[in-house]
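# here are the coordinates; sequence isn't available:
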């Protein structure tokens, strides 16, 4: 991980109960040698006092856009230019909406408009607020604007409910910050000897499962967690690539330096890949895309009938995204994944030939300690003229080795 010594980080705390976690985050950053300055919104001060954050940061807390003392020297502009990275944690639904639509009527929103530093948002809100269409539209706008989105986690919430919307823990936010500076470090180094293996390359990756709706409450899916695809995206970004990650429904934080597009179904994933494919150098199809989907989706919840012991659902084939990419004119170098439960290498080779791709990464998901939902994996990388086994390791380490192998082929 990149050192955080002497890095300048501006932490913006907005209104939400998760604000209670920010003193620990500041303390951890200070332990890493980071210089931290804090901005609080009016709502944030309802949950935690400025004095607390001033004590742990060692710097005065800023909270007023029109503070005469600060604005004599254009304080908000000074802060905006000072930061190497701006982190908004917690980022409430209101804060996300204000940034998405360019508000500039308080210190928080004005700083984020007036800076050329990267801005990372760490969402925290009730599960229904997070899933609300308005929040998801704002999320898409923010991602299109280049904002980093870290989280949210899924778990118990202060309101007593359980679901997506819980803010990352301080140690997880610290890890995201470290990964961000690691990923961007190679882009700022003057010596070519440290340039990333994929510097100047554009990489498109799919990850996670897809969900194919049966009715408004049921769907077909699989056990993919998305961890392998996200690890590959992180590894590619660290090697200097411009990475776009098309992610099925999974509760994982977006890797530093990666543009993320969230989708649900195979058709949505196909459309997102098609829209992002132009001028890509490398495509990695790591997602576990459902092969079939229901032929029709019931408009209302399907009810079981008295005496009914069977239900038949007609399925139709989903698009083969990987094969489709490989068939396009000027297609990028294509890498696929084969999750098998038997005859792993034999089935993987058939898939390599059938889809017309350059490399396939095969793994045995019958082992419950590896593959789906595990943090570990063991794979074999197969191409037309080579075969390389990568022994059991963390998915992050395997991703690093795979990116090195793939980059040697480009």
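Sure, I can see it. From a predicted model like this one, the values you see are computed outputs, not experimental measurements.

# could you look up the SS state of residue 42?
coil (DSSP: H, G, I helix; E, B strand; the rest coil).

# over to residue 306?
coil.

# quick one: the helices in the stretch 201-350 of the chain?
Applying DSSP state H, counting those that start in this stretch to the stretch 201-350 of the chain gives helices spanning 227-238, 266-276, 321-327, 344-355.

# which one of the ones you listed is the most hemmed in?
helix 227-238 (a mean of 28; mean count of other CB atoms under 10 Å). (Glycine included, C-beta is placed from N, CA and C.)

# tell me the mean pLDDT for that helix?
Here helix 227-238 scores 93 as its mean pLDDT.

# give me the helices and strands touching it, please.
On a contact count with 3 or more CB pairs under 8 Å, 6 or more residues apart in numbering; DSSP states H and E, helix 227-238 meets helix 170-188, strand 202-207, strand 242-247, strand 258-262, strand 282-285, helix 395-409.

# which residues sit in contact with the most centrally placed residue in the chain?
Nearest residue to the geometric centre of the chain (CA atoms, centre = their mean): residue 254, 1.7 Å. Neighbour list for residue 254: 148, 149, 150, 245, 260 [criterion: CB atoms under 8 Å, 6 or more residues apart in numbering].

# one more time with 7 Å, if that's ok
By CB atoms under 7 Å, 6 or more residues apart in numbering, the residues touching residue 254 are 148, 149, 150, 260.

# please apply the same query to residue 404.
Per CB under 7 Å, 6+ apart, neighbours of residue 404: residue 197.

# ok, which stretches of the stretch 1-150 of the chain are helices?
22-31, 50-57, 68-71, 75-82, 93-100, 107-114, 127-131, 133-144.

# list the contacts for residue 86?
10, 12, 111, 112, 115, 117, 119.

# save the helices of the stretch 201-350 of the chain as CSV, and put in distance to residue 161 too.
Compiled in CSV, the helices of the stretch 201-350 of the chain are given as follows (distance: least, CB to CB, whole Å):
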stretch, distance to residue 161
helix 227-238, 26
helix 266-276, 27
helix 321-327, 35
helix 344-355, 41
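
# who wins for proximity to residue 101 among these?
Across those, residue 101 has its closest neighbour in helix 266-276 (23.4 Å, CB to CB).

# quick one: work out the angle between that closest one and strand 202-207.
Helix 266-276 runs at 170 degrees relative to strand 202-207, counting by axes from the mean of the first three to the mean of the last three CA atoms, to 10 degrees.

# what's the pLDDT at the closest residue to residue 89 other than its chain neighbours?
In this structure, residue 89 finds its nearest non-sequential neighbour in residue 122, 3.8 Å apart by CB to CB, 6 or more residues apart in numbering. Confidence at residue 122, expressed as pLDDT, is 96.

# for residue 122, the count of nearby residues, please.
For residue 122, the count of nearby residues is 26 (other CB atoms under 10 Å).

# right, and it touches residue 168 too?
Yes. Between residue 122 and residue 168 there is a contact at 5.7 Å, judged by CB atoms under 7 Å.

# what sits in contact with each of those two?
Contacts common to residue 122 and residue 168, judged by CB under 7 Å, 6+ apart, are 150, 151.

# looking at the helices and strands packed on helix 227-238, which is nearest to residue 20?
helix 170-188 (10.5 Å).

# could you give the mean pLDDT of that closest one?
77.

# one more: stretch 279-291?
95.

# same thing with stretch 134-145?
91.

# and it, how far out from the chain's middle?
Counting by CA atoms, centre = their mean, to the nearest Å, stretch 134-145 is centred 14 Å from the centre of its parent chain.

# repeat that for stretch 289-301.
That offset, for stretch 289-301, works out to 27 Å (CA atoms, centre = their mean).

# now swap in stretch 286-294 and tell me
For stretch 286-294, the distance to the chain centre is 20 Å (CA atoms, centre = their mean).

# possible to save the helices and strands packed on helix 227-238 as a markdown table with distance to residue 53?
Shown next, in a markdown table, are those (distance: least, CB to CB, whole Å):
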| stretch | distance to residue 53 |
| --- | --- |
| helix 170-188 | 13 |
| strand 202-207 | 36 |
| strand 242-247 | 33 |
| strand 258-262 | 29 |
| strand 282-285 | 41 |
| helix 395-409 | 32 |
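
# now the chain, which segments are flagged as low pLDDT?
1-2, 66-76, 183-195, 368-371, 373 (pLDDT under 70).

# how is it divided into domains?
By the record's domain assignment, the chain is partitioned as 8-183, 196-298+309-409 (automatic domain parsing).

# end-to-end on the longest one?
Chord length of domain 196-298+309-409, first to last residue, is 15 Å (CA to CA, to the nearest Å).

# if we can go back for a sec, which of the contacts of residue 254 fall in strands?
Counting by DSSP state E, the part of the contacts of residue 254 found in strands is 148, 149, 260.

# so what sits opposite the second one in the bridge?
By that I understand residue 149. In this entry, residue 149 is beta-bridged to residue 121, by DSSP bridges.

# how about the last one?
According to DSSP bridges, residue 245 are recorded as the beta-bridge partners of residue 260.

# give the contact list for it.
143, 149, 245, 247, 254.

# and residue 222, how close does it get to residue 123?
Distance of residue 222 to residue 123, given as CB to CB, to the nearest Å: 26 Å.

# equivalent analysis for residue 182, please.
Distance from residue 182 to residue 123, by CB to CB: 23 Å.

# so those two - more neighbours on which side?
Taking neighbours as other CB under 10 Å, residue 182 and residue 123 compare with residue 123 leading, 29 against 17.

# what's the burial count for the residue nearest to that one when sequence neighbours are not counted?
Of all residues not flanking residue 123 in the chain, residue 152 sits nearest, at 4.6 Å (CB to CB, 6+ apart). Residue 152 has 25 neighbouring residues, counting by other CB under 10 Å.

# look up phi and psi at residue 152.
phi -90, psi 170 (degrees, to the nearest 10).

# check contacts around it.
Applying CB under 7 Å, 6+ apart, the residues near residue 152 are 123, 124, 130, 164, 165, 166, 167.

# same check, this time on residue 88
By CB under 7 Å, 6+ apart, the residues touching residue 88 are 12, 14, 95, 119, 121, 122.
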